[in-house]
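Engineer: coordinates only, sequence not included:
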């Protein structure tokens, strides 16, 4: 009679149990204070703009790196510094994705990174804040304010890292950063939607 090992199934059930019982802290006051690093694999920047008046077209940046200093007792003292490689841009059109790397658009070879360095954090509620900083794109630096909402925090059941997550939105005019191709046929106003995950370092 062939023996059957239940070890893999039991291990899978154990993982499912840990996932189902893992809960993010529901109150931002419960978040652990300290220095965090961007969790690159689960941090995304989605941008959207009007395309020839027909659709709101979206693309995605990834591979972000950077740091967050956060103390829930003093949220206004938080510091955020993030860098995103422009060459990480993706769209649903391979041809457009390649075009966005060119000098007509982001000029990724000359300006390889977009960066955001916070200068002020203004709490607007128990789980929200306006985060203003210097945003650099295409070699141009201008102030940008992000409306940030706390999502949750806790120990990631997969890698066991203590993680905190936020969602942020913001708007900018791309022409202000020298990215003017097809304006106004392709919209000048760009909406950003950012999912930010951060892992605690100390």
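Structural biologist: Great, that's in hand. Because the structure is predicted, anything quoted here is derived from the model rather than measured.

Engineer: could you pull out the helices in the protein for me?
Structural biologist: 7-21, 94-100 (DSSP state H).

Engineer: list the buried ones in the shortest one?
Structural biologist: Neighbour-count burial for helix 94-100, with 16 or more other Cβ atoms under 10 Å as criterion, is recorded at residue 100. C-beta: built from backbone N, CA, C; applies to glycine.

Engineer: what about that helix, average pLDDT?
Structural biologist: Helix 94-100 shows a mean pLDDT of 97.

Engineer: for residue 61, the count of nearby residues, please.
Structural biologist: By other Cβ atoms under 10 Å, 21 other residues sit near residue 61.

Engineer: from residue 90, how far off is it?
Structural biologist: Taking Cβ to Cβ, to the nearest Å as the measure, residue 61 falls 8 Å from residue 90.

Engineer: show me what contacts residue 92?
Structural biologist: By Cβ atoms under 8 Å, 6 or more residues apart in numbering, residue 92 lies in contact with nothing.

Engineer: local confidence estimate at the closest residue to residue 88 other than its chain neighbours?
Structural biologist: Excluding its sequence neighbours, the residue lying closest to residue 88 (Cβ to Cβ, 6 or more residues apart in numbering) is residue 63, at 4.3 Å. Residue 63 is assigned a pLDDT of 98 by the prediction.

Engineer: ok, residue 63 - how many residues close by?
Structural biologist: As a burial measure, residue 63 scores 15 neighbours (other Cβ under 10 Å).

Engineer: in this structure it contacts residue 83, no?
Structural biologist: No - the pair residue 63 and residue 83 does not pass the contact test of Cβ atoms under 8 Å, sitting 9.4 Å apart.

Engineer: bridged to residue 150, which residues?
Structural biologist: Residues in a beta bridge with residue 150, per DSSP bridges, are residue 166.

Engineer: ok, now how distant is the closest residue to residue 139 other than its chain neighbours from residue 151?
Structural biologist: Nearest non-adjacent residue to residue 139, counting by Cβ to Cβ, 6+ apart: residue 111, 5.0 Å away. With distances taken as Cβ to Cβ, residue 111 is found 31 Å from residue 151.
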